[in-house]
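Peer 1: sequence first, predicted model second:
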Amino acid sequence: MKISFHGACREVTGSCILVETEKTKFLVDCGMFQDDETYFKNEIFSFDPCDIDFVLLTHSHIDHCGRIPKLYKEGFTGNVYLTEPTKQIAEAMLLDSAKVFLKEKEHSPLYFEKDVLEATNHFFSLKYNKEKMVSSDVKIKLKDAGHVLGSCVFEVFVEGKKIIFSGDLGNNASPIVKNPEIIDGADVLFVESTYGATSHDSRESGRQALKQAINEVVKNNGVLMIPVFALERSQEIIFELKSFLVKGQIPSVPVFLDSPLAIKITDIYRSFANSFDEQAFELMKRGEDIFDFRGLKYVRKPNQSKKISAIKGAKIILAGSGMCTGGRIGGYLKKHLGNSKNKLLLVSFQVEGTLGRSLAEGAKTVVVDNQKVKVRAGVSSLHSFSSHADQEQIINWVSEIKKPKPKTVFIVHGEEESGLALEQKIKEKLNLDCIVPFSDKVYEI
């Protein structure tokens, strides 16, 4: 069996693994690159899409699903296997991407809405823990990865081996979704390493920092800007804000979710409340909407953003994108970064080459939508709200794979430093053979 890596290899985005058996060729994810060389890396596949039999999609983040329509556009005709929540969320995410491409003037769109609809016609949803033969020699089973709603770990049974693809593993401290399921043995393991070199701050410390930022902004009559991903981070921050208000830990302050995509995904979340963790499910079961509270306004129309900025008094603005590149957050950054009364709170991973990364690293002047902006607002990063497992959580999850222990662990989806740090820790603590692979190199297993 041959394995090659065509993204998220010694880097975070563009997840795409090609598996070639004697009879079958399939991909695990087909994601979009999201860095400063985005277009050129997304434009060309280093394999022939016509040769691919099917795709296993771990979850609906764009860096895992974003190039699937392009795959169909270039000749792929097989099924994409995924969970039902992933199916619905991925369709919304991909249609949004198609709209974004049309707004870009420098490059031709990677794909159009019709390509997304063609792709989603081939989405085949599966339930967790049910086995499925997907070709003459490949059987799969899905486990809950606990990362975002619908995310899964794929167990793949082929050529007498059990191969595990972790996708993105969830943070045990995250609310709403369940914790990652334990895997009962593997021959070969592919595991993510986004935070393979670090430990998250405690969730409670993150809550305290968020409450402090809100209270300071209210005191200064300022604006708290929180760039959010439409998927998971938006829902999680709203959940936390409601909890603060219910407990009387923050004053009542207007909160605006300015992201039509996040609003649509929040509606999808509501329809899958039976997939939530126990606390969130019980709240929804009692009729309490965990995604709504007094003072929260969902902003759908683009022309409302300027009106929100013009509203006097303290306010909290949640807007995409989570890395400050694209989305509606740009308008707010241009308007409010220059005022020392305001705050920018980064609550997501910031990829190298993004505006968010520059701001996180202390840039005093940035370019937003071709406009130079001075940074006078306070900028801080919270490392408590990640939807990814940190180093310790990854190690603990891998340590539970015992019958048998994996003979080889491939470490993917992390910057080189993170992958190498995780490799060292797995070798030290678990005595497992590890490989931090290189792009386009073929590995035999």
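Peer 2: Received, thanks. What you are looking at is a predicted structure, and each value in this text was computed from that prediction instead of being measured. Numbering: from 1, shown residues only.

Peer 1: quick one: contacts of stretch 106-123?
Peer 2: 39, 42-43, 67-73, 77-80, 82, 87, 90-91, 94-95, 97-99, 101-102 (C-beta atoms under 8 Å, 6 or more residues apart in numbering). For the C-beta atoms, the positions are set from N, CA and C on the backbone; glycine is no exception.

Peer 1: quote the end-to-end distance of that stretch.
Peer 2: End-to-end distance for stretch 106-123, by C-alpha to C-alpha, to the nearest Å: 31 Å.

Peer 1: kindly report the same for stretch 315-325.
Peer 2: 22 Å.

Peer 1: got the buried residues for it?
Peer 2: Judged by neighbour count (16 or more other C-beta atoms under 10 Å), stretch 315-325 contains these buried residues: K315, I316, I317, L318, A319, G320, S321, G322, M323, C324, T325.

Peer 1: if we take those residues, which one ends up nearest to D292?
Peer 2: Using C-beta to C-beta, L318 is the member of these that lies nearest D292, at 13.6 Å.

Peer 1: so which elements touch the host helix or strand of the closest one?
Peer 2: L318 is located in strand 315-319, with elements delineated by DSSP states H and E. Strand 315-319 is packed against strand 223-227, helix 233-246, strand 255-258, helix 304-310, helix 329-336, with contacts defined by 3 or more C-beta pairs under 8 Å, 6 or more residues apart in numbering; DSSP states H and E.

Peer 1: pick the most deeply packed of these.
Peer 2: For the helices and strands packed on strand 315-319, average neighbour numbers computed from mean count of other C-beta atoms under 10 Å are highest in strand 223-227, which has a mean of 27.

Peer 1: want to throw the buried residues of stretch 315-325 into CSV with pLDDT and distance to L56?
Peer 2: Listed next are those as CSV, based on pLDDT from 0 to 100; distance: C-beta to C-beta, whole Å:
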residue, pLDDT, distance to L56
K315, 98, 42
I316, 98, 38
I317, 98, 37
L318, 98, 32
A319, 97, 32
G320, 91, 27
S321, 91, 26
G322, 93, 25
M323, 93, 26
C324, 95, 31
T325, 87, 28
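
Peer 1: where does pLDDT dip in the stretch 101-250 of the chain?
Peer 2: The stretch 101-250 of the chain contains no residues with pLDDT under 70.

Peer 1: where exactly do the helices run in it?
Peer 2: For the stretch 101-250 of the chain, applying DSSP state H, counting those that start in this stretch gives helices covering 113-120, 203-220, 233-246.

Peer 1: how about these in TSV, adding distance to H61?
Peer 2: Formatted as TSV, those follow (distance: least, C-beta to C-beta, whole Å):
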stretch	distance to H61
helix 113-120	16
helix 203-220	21
helix 233-246	11
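
Peer 1: closest to M32 out of those?
Peer 2: Of the helices of the stretch 101-250 of the chain, nearest to M32 by C-beta to C-beta is helix 113-120, at 12.8 Å.

Peer 1: so which bits of that closest one are buried?
Peer 2: E113, D115, V116, E118, A119, T120.

Peer 1: ok, of those residues, which one's closest to A360?
Peer 2: V116 (31.7 Å).

Peer 1: how much space between that closest one and S108?
Peer 2: 16 Å (C-beta to C-beta, to the nearest Å).

Peer 1: what's the answer for G326, then?
Peer 2: From G326 over to S108 (counting by C-beta to C-beta), the distance is 17 Å.

Peer 1: neighbour count: these two, which is higher?
Peer 2: Higher neighbour count among G326 and S108: G326, with 16 against 8, using other C-beta atoms under 10 Å.

Peer 1: tell me the contacts of the more buried one?
Peer 2: V100, G320.

Peer 1: state the pLDDT value of it.
Peer 2: Per-residue confidence at G326 stands at 83 (pLDDT).
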